[in-house]
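> whatever this is, show me its structure:
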Amino acid sequence: MSDVAVRSVPFEEAIAFLRDKAPLPTRTWTDLWEGMHARAFVVAGAMRDELLTDFQQTLTRALQDGTTLQQFRKDFEAIVARHGWTGWTGEGSAGGRAWRARVIYDTNLRMAHAAGRWEQIQRTKAARPYLRYSAVMDSRTRPQHRAWHGTILPADHPWWQTHYPPNGWYCRCSVIQLSDRDLERRGWSVSEEAPPSPLIVHDIPGRGLIRVPQGIDPGFASNMGEAAWGNQIADEVMARWKAQGASAWEVLTPGDWRSAGRPELVPVDDVTTSLAEGATTKDAMQRLVERVIGGREATFVMPNGSRVLVDAERFGQHIALDRAPFIPMLPGLLTTPYEVWMTFERHRGTGQVVLRQRVLQVVRLKNRSLVLVVQVRRGVFEAWTFVPTSSESQLQRWRVGELVWGR
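Reported below is the predicted structural model:
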């Protein structure tokens, strides 16, 4: 990536995309797949949060300040030395180290730029509804990308779900957003149909057989902007999706309590706190939450080390009033749960991908037992629910994804 390309990147949407990712340890580049990368910052083989945070902050500054690849290579060496990181691919030679630094720099900056552009496209697509695929068209351009050059399709066309660039390692392709007037002025027209996309089978270690459109590197057959920001859809359509609740989300992370080797029956814990009196107004609910958490907001540390921010106003204004008696159980649920699960999930309507943690515990209340589930997104308390233990299917559907902590 040239200096000019880097300096074209630093706009707020791209910076927000990279800054807001959650650092996530991974052993190989296939641990996460396609749209999952919109929500997690990873460097293959980097298993410590401090190391990942250093890389993430350095790359975010590169977007802000226009850091060159040459400077990032120096930063890369300093980070590796500071954290004593060893055993990574490319470590053994100067050429390998330079290659690894370039992969990290190029991939993260290009993805951030593409995601930021998609957010802008979604905001302005009513006035400029078309995208034109633009390849660099030099000797390094892939033949398939050269063939796609000049393709013009509506921004909402399904082709962009898999072919929105970058479409491979070091891919330099981009899109140009166009209005009807732009088309008329340049003498262009919307393509009659999308280019053919025959699927090629790849055997990916850790993933098995993967089918990817010809011309796209495995792992790149997704729209990073769509995964990060989603597609803007009509209000009435979005309302129908919201009415579906949790079923509007597709779980991308494989695994469940069986694959994690967990017992089918969750032990029942005795409640060690007194239940609260009811609340008759949202303001009363907010005051109750404030008393329980010790202020307008509080941060709790879960057993896996993750931090959860609870905002009393947000929580109090959105929770049903009949849940007030259970509020005192919240701190214990966050700090001493039975299990903590992590999942990547994609919205079936917009395509947006989110990273969630779910905290689970079963408690005994008089003559009944309840499953308590807290949902956390980007380190912030998002929602909670109560499920009777008599509903076995309801209980087990929360125990999916990757188990990150279990008692």
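
> show me where the stretch 201-350 of the chain has strands.
208-213, 249-251, 268-270, 297-301, 307-311, 339-347 (DSSP state E, counting those that start in this stretch).

> can you put these in JSON lines and add distance to Ser222?
Every C-beta, even on glycine, is put in place using the N, C-alpha and C of the backbone. Formatted as JSON lines, the strands of the stretch 201-350 of the chain follow (distance: least, CB to CB, whole Å):
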{"stretch": "strand 208-213", "distance to Ser222": "10"}
{"stretch": "strand 249-251", "distance to Ser222": "13"}
{"stretch": "strand 268-270", "distance to Ser222": "41"}
{"stretch": "strand 297-301", "distance to Ser222": "33"}
{"stretch": "strand 307-311", "distance to Ser222": "29"}
{"stretch": "strand 339-347", "distance to Ser222": "10"}
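
> which of those strands sits closest to Asp31?
Evaluated with CB to CB, these place strand 339-347 nearest to Asp31, the distance being 11.2 Å.

> partner strands of the closest one, with direction?
strand 249-251 (antiparallel), strand 353-365 (antiparallel), strand 402-406 (antiparallel) (DSSP bridges).

> show me the one of those that comes nearest Arg110.
Nearest of the strands paired with strand 339-347 to Arg110, taken as CB to CB: strand 353-365 at 18.1 Å.

> partners of Thr299 in the sheet?
Under the criterion DSSP bridges, Thr299 forms beta bridges with Leu309.

> dump the residue contacts of it.
Neighbour list for Thr299: 307-310 [criterion: CB atoms under 8 Å, 6 or more residues apart in numbering].

> per-residue confidence for it?
Looking at Thr299, its pLDDT reads 95.

> with Met1 instead?
Note on Met1: pLDDT of 43.

> tabulate the strands paired with strand 339-347 (a markdown table), appending distance to His83 and mean neighbour count.
Below are the strands paired with strand 339-347 laid out as a markdown table (distance: least, CB to CB, whole Å; neighbours: other CB atoms under 10 Å):
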| stretch | distance to His83 | mean neighbour count |
| --- | --- | --- |
| strand 249-251 | 33 | 15 |
| strand 353-365 | 24 | 21 |
| strand 402-406 | 22 | 18 |
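
> now those in JSON lines, with mean pLDDT and distance to Arg296?
What follows is the strands paired with strand 339-347, written out as JSON lines (pLDDT from 0 to 100; distance: least, CB to CB, whole Å):
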{"stretch": "strand 249-251", "mean pLDDT": "94", "distance to Arg296": "30"}
{"stretch": "strand 353-365", "mean pLDDT": "93", "distance to Arg296": "22"}
{"stretch": "strand 402-406", "mean pLDDT": "96", "distance to Arg296": "28"}
